[in-house]
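Undergrad: Need coordinates for the below:
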Amino acid sequence: MPKNSTTGENLRRCREACAFSQQQVADALNINRTTYTKYETGDSEPGLVTLVKLAVIFNVSPMELLPLLDDEEIGALTDSRGADSPVYQLAKDERGIIAMYRAMSRDQKRQTVENMAEINKKGE
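TA: Residues are numbered from 1 along each chain as shown. Below you'll find the predicted structure:
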């Protein structure tokens, strides 16, 4: 990440590295796509809570989304997220599900897993 990059540029870079669409990220945040687009273009800045949710969705440190530090200071964005990662082998809908799951609270994740287990039992 270049030292003079903006938060918006960092968001775009992370989103593209995860192969998520702007709509998938917006859906995971439960916001309009245009609102998320404004984050990437710099027309608007995400709040702290949203920034943390974005970091969870992209599986990065919130610091990696901020324009304050460069790669040498916080670690290269792609160090542990190379193209060989299984996340890049997922279908578009699977990546969308992962993005939404990462944005969920602990209770929402627990309920989702319980619901999936119940659905799975019905299919047996």
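
Undergrad: lowest confidence element among the helices and strands of the protein?
TA: Using mean pLDDT, DSSP states H and E, the weakest-scoring helix or strand in the chain turns out to be helix 71-74, at a mean of 52.

Undergrad: Which residues does the helix or strand just after it contact?
TA: Remark: after helix 71-74, the chain's next helix or strand is helix 92-102, criterion DSSP states H and E. Contact with helix 92-102 is made by 18-21, 24-25, 27-28, 56-57, 59, 87, 90, 109, 112, as judged by C-beta atoms under 8 Å, 6 or more residues apart in numbering. C-betas here are computed from N, CA, C, even on glycine.

Undergrad: longest single helix anywhere in the chain?
TA: Secondary structure assigned by DSSP state H gives helix 106-122 as the longest helix of the chain.

Undergrad: Check the offset of that helix from the chain's centre.
TA: Its chain's C-alpha centre and that of helix 106-122 lie 21 Å apart, by C-alpha atoms, centre = their mean, to the nearest Å.

Undergrad: So what angle separates the directions of that helix and helix 92-102?
TA: 140 degrees (axes from the mean of the first three to the mean of the last three C-alpha atoms, to 10 degrees).

Undergrad: let's have the chain start at 717 instead
TA: Shifting the count to begin at 717 puts that one at helix 822-838.

Undergrad: still on that earlier bit, out of the contacts of helix 808-818, who's the most crowded?
TA: The residue in the contacts of helix 808-818 with the most neighbours, by other C-beta atoms under 10 Å, is residue 741 (27 neighbours).

Undergrad: about what we covered before: buried residues in the longest helix of the chain?
TA: For helix 822-838, a neighbour-count test (16 or more other C-beta atoms under 10 Å) marks nothing as buried.
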